[in-house]
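Peer 1: Structure for this input, please:
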Amino acid sequence: MSRDPYIASWWLQRRNRARSEGWVGLLWRLGLPFITALVLIPLTRGLFLDFLDEARGLWGQGVEAVVLRGALVVIGWLSLDVYTILIRGTDRTVLSLLPVDTPAVVRADLLAVAASRW
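Peer 2: Model prediction:
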C-alpha cells in the first residue's frame, strides 16, 4: 500500500466495494464486455469486418483500419473519463473547500481511472 493518503483511501474504498459486491459483481464486470462483444460482432461485421470476405492478402489494410478506429474510440473514451474525474468530478466541490495536495489528488484520480478502465 502507498504512503499517499489519497491512494490509500481509494484502495480501501475499492477493496470494500469488491468485498460488498462479491463474486456476482466481479463476474458481472468481467463478463459484460465479453457478452457485449459476442452480441455486437455479428451486427457490425458488415460495416467493419467486410474485408474478411476478401483474399487473405488484403486483410492487412482492413485490420489496420479496424485497429485505428478502435484506438480512436478508446482515446476518446479515456479522455472523457479523465476530464470527468478531474474537472467535473463529484469530489471537486468538497476538495475545493479543503487544503489538499493537488498533485497527489490528481495522481490518485488518474490511478482510479486507469484501474477502472483496465
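
Peer 1: Now do the buried residues in the helix or strand of the chain with the lowest mean pLDDT.
Peer 2: When the helices and strands of the chain are compared on mean pLDDT, DSSP states H and E, helix 92-95 comes out lowest with a mean of 77. Of the residues in helix 92-95, none count as buried by neighbour count, 16 or more other Cβ atoms under 10 Å. To be clear about C-beta, it is placed using only N, CA and C from the backbone, and glycine gets the same treatment.

Peer 1: now swap in stretch 11-29 and tell me
Peer 2: Those buried within stretch 11-29 under the rule 16+ other Cβ under 10 Å are Trp11.

Peer 1: same question, stretch 76-90
Peer 2: For stretch 76-90, the neighbour count (16+ other Cβ under 10 Å) marks 81-82, 85 as buried.

Peer 1: With Leu78 as the reference, measure out to Pro5.
Peer 2: According to Cβ to Cβ, to the nearest Å, Pro5 and Leu78 sit 26 Å apart.

Peer 1: now Leu97, what's its secondary structure?
Peer 2: Applying DSSP: H, G, I helix; E, B strand; the rest coil to Leu97 yields a three-state assignment of coil.

Peer 1: what's the burial count for it?
Peer 2: Taking other Cβ atoms under 10 Å as the criterion, the count of residues near Leu97 is 7.

Peer 1: Please tell me how far it sits from Leu86.
Peer 2: The spacing between Leu97 and Leu86, counted by Cβ to Cβ, is 17 Å.

Peer 1: try Leu40
Peer 2: Distance, Leu40 to Leu86, by Cβ to Cβ: 30 Å.
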